[in-house]
Each structure stands twice: as structure tokens, then as C-alpha cells.
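[1] got a structure for you, letters missing:
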Ligand SMILES: NC(=O)c1ccc[n+]([C@@H]2O[C@H](COP(=O)([O-])OP(=O)(O)OC[C@H]3O[C@@H](n4cnc5c(N)ncnc54)[C@H](O)[C@@H]3O)[C@@H](O)[C@H]2O)c1
Ligand SMILES: [Zn+2]
């Protein structure tokens, strides 16, 4: 469905006011103003690697040391970052209106900033930087240690001239359960992996019943999240996109608000 986009904020706010179920679907762009690089554009590199090429099971199999350095770096960056006006506007919207509307935040982000801003009804589609999963017994645990293990202290420098990564596997994070001791990995859905079916199910349910959806700071190219909002628009939900630039999904949506979402979202979600 090719719609002619509107950028009439007053009209959108009227629609939002009347909505009973609202979904906010966010991507890396919402955290850009907190200083966390997105995977597209200039920030998409770590050393000489395309960041998305390290977020894969193949990269971890090939070099758990390199991938753990990359994730150690991302954990340290996100831990120092603060939620911005976009995250705060969403959390504030839920705290003001969450008792009269069903408000769900679905994020592709793994940085934990929505929760730190105070969002309660949150679905993290791709996991979280501060959770680990044992590759052997599959146990998932919250882990906020900095550094996550001694061998990673001072590692993870992003400069392109750093070469190689040689931490012995035995020095990387390991499961502490007796009789296990398996290698831990970040509890993140990597490119090429499937989403947790229970998490996906919750997200699909919210998407299939919302009457308004805000799509914020996502390039709408990473599946399955990329199809959520176009599907909602196709069944008649009103979808508004907030981005710095148009995306492949923009023609599917009713509203398009261009600009940094730290500025546009507080306007859209205020009374
Ligand atoms: N912060 C994080 O947790 C983080 C960071 C990088 C990548 N990722 C992962 O990488 C994948 C990337 O997909 P994606 O679509 O989320 O991100 P993406 O990197 O593909 O796209 C980011 C989008 O945000 C837009 N954008 C950038 N700054 C913005 C701003 N200030 N306001 C509004 N829009 C802005 C860009 O134009 C772009 O369309 C996801 O699976 C995600 O899990 C997560
Ligand atoms: Zn284990």
C-alpha cells in the first residue's frame, strides 16, 4: 500500500489521543543521541570489521576472543551512556497514560536504555548486552560486571589499527555452574539466528492488535522487525515513522517525521 505521507504533527497527536493500543517499535537510531553507534552509516565499523559481521554465530565460532572484545566494548560504551530525550519521552508517556491505554515498547536494541529510562512494558527482541547465555547448559543470566572477566580488562579498543585478538578461550567468560563450565556468549540474537519464539509471539500479538504504531530510528531492513509495521499498516493501523531519513518502509506508512527522534518524539508524545 503506497500512502502519501503526512507530517502533520497536530493531526497525528489527535489520532494518538484516540488510540487504545499503542506500540512503539524502536531501533538503533533512538540510542544514537546517547552516543551509541548504529550499525549503518559511519558508526557501523569496529576496527576494520563491519559491526554486523561480528554479530554472527560464525564470527563467534571462528574467534570467540574477537567477538567478546567487540561485545565488551559495546557493554562498556552502553553502560556509560545515558537515556536521551527520546527514551525519556517514551517512558514518560507510559507512566502518564499506561493505565488508560495499552502501551508496548518493542525494541531491536540490546543496550538496555529503554529500561533505564523507566519503560516497563518492554519487549527486547534481540536480547540484551547485560545478559549471558551458556553455550553448553543454555542458562541465561544477568551480568553487569565491568569488565565481564579479567582478561577483557582494557581490551576492545575500536581503532582500525588494532590487529588480532588472542585471548585464550579458557580466559573468556565461563559458566560458573558446577559440572558445566561452558563458554558463555552474549545473550543476543545474532544475524542468521532465530528470535526466541515466546518473545516473537508477544511482539506479534502487540503488533496485531495496536491501533497506532510509532516506528522510531530503525532502518526497517532487519527481519522480522522490518515487517511488523508494514503489516500493521496493511491491516489498517495508523503507523508513524520517526527517522533522520526515509527508509525502504517509509512508503508503507501514514506519517513520516524527519529529524532526530530526541527532538521529534517529545513533541509527538507530549499532551
Ligand atoms: N543501541 C543498540 O542496542 C544497537 C546498536 C546498533 C545495532 N543494534 C542492532 O543492530 C540491528 C540494526 O537494525 P536497526 O534498524 O535497529 O538499526 P540500523 O543501524 O539499521 O538503523 C538505524 C536507523 O536509525 C536512524 N537514525 C539514526 N540516528 C537517528 C536519530 N537521532 N533519530 C532518528 N533516527 C535515527 C537511521 O537513519 C537508520 O535508519 C538491530 O538488530 C539491533 O539489535 C543495536
Ligand atoms: Zn553452563
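    Looks like it came in fine. All of these numbers come straight from a predicted model, not from anything done at the bench. Ligands and ions are numbered 1, 2, ... in the order given.
[2] which strand or helix spans residue 236?
    When secondary structure is defined by DSSP states H and E, residue 236 falls outside every helix and strand.
[3] that one and residue 230, how far apart?
    12 Å (C-beta to C-beta, to the nearest Å). C-beta coordinates here come from the backbone N, C-alpha and C atoms, glycine included.
[4] next secondary structure element downstream of the helix or strand encompassing residue 184?
    Per DSSP H and E, residue 184 falls inside strand 184-188. Following the chain from strand 184-188 toward its C-terminal end, the next helix or strand by DSSP H and E is helix 197-209.
[5] name the helices or strands packed onto that next one?
    Helix 197-209 sits against strand 21-26, strand 102-107, strand 122-124, helix 225-234, with contacts defined as 3 or more C-beta pairs under 8 Å, 6 or more residues apart in numbering; DSSP states H and E.
[6] now the angle between helix 225-234 and that helix, please.
    Our comparison of helix 197-209 with helix 225-234, counting by axes from the mean of the first three to the mean of the last three C-alpha atoms, to 10 degrees, yields an angle of 30 degrees.
[7] partners of the helix or strand just after helix 197-209, with directions?
    Taking DSSP H and E as the definition, the helix or strand that follows helix 197-209 towards the C-terminus is strand 212-216. If you go by DSSP bridges, strand 212-216 pairs up with strand 21-26 (parallel), strand 238-243 (parallel).
[8] can you tell me who residue 258 pairs with across the strands?
    Once the bridges are assigned, which here means DSSP bridges, residue 258 pairs with residue 243.
[9] next up, the contacts around it.
    The neighbours of residue 258, taking C-beta atoms under 8 Å, 6 or more residues apart in numbering as the test, are 7, 243-246, 264.
[10] now it: how far from residue 203?
    The value you get for residue 258 to residue 203, if C-beta to C-beta is used, is 26 Å.
[11] likewise residue 236?
    Between residue 236 and residue 203 the computed distance is 19 Å (C-beta to C-beta).
[12] who's more crowded, those two?
    residue 203 (22 against 8; other C-beta atoms under 10 Å).
[13] just the buried residues of stretch 248-257, please?
    249-250, 252-257 (16 or more other C-beta atoms under 10 Å).
[14] adding pLDDT and neighbour count, write the contacts of residue 258 out as JSON lines.
    Compiled in JSON lines, those are given as follows (pLDDT from 0 to 100; neighbours: other C-beta atoms under 10 Å):
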{"residue": "7", "pLDDT": "96", "neighbour count": "13"}
{"residue": "243", "pLDDT": "97", "neighbour count": "23"}
{"residue": "244", "pLDDT": "96", "neighbour count": "15"}
{"residue": "245", "pLDDT": "95", "neighbour count": "10"}
{"residue": "246", "pLDDT": "95", "neighbour count": "14"}
{"residue": "264", "pLDDT": "98", "neighbour count": "23"}
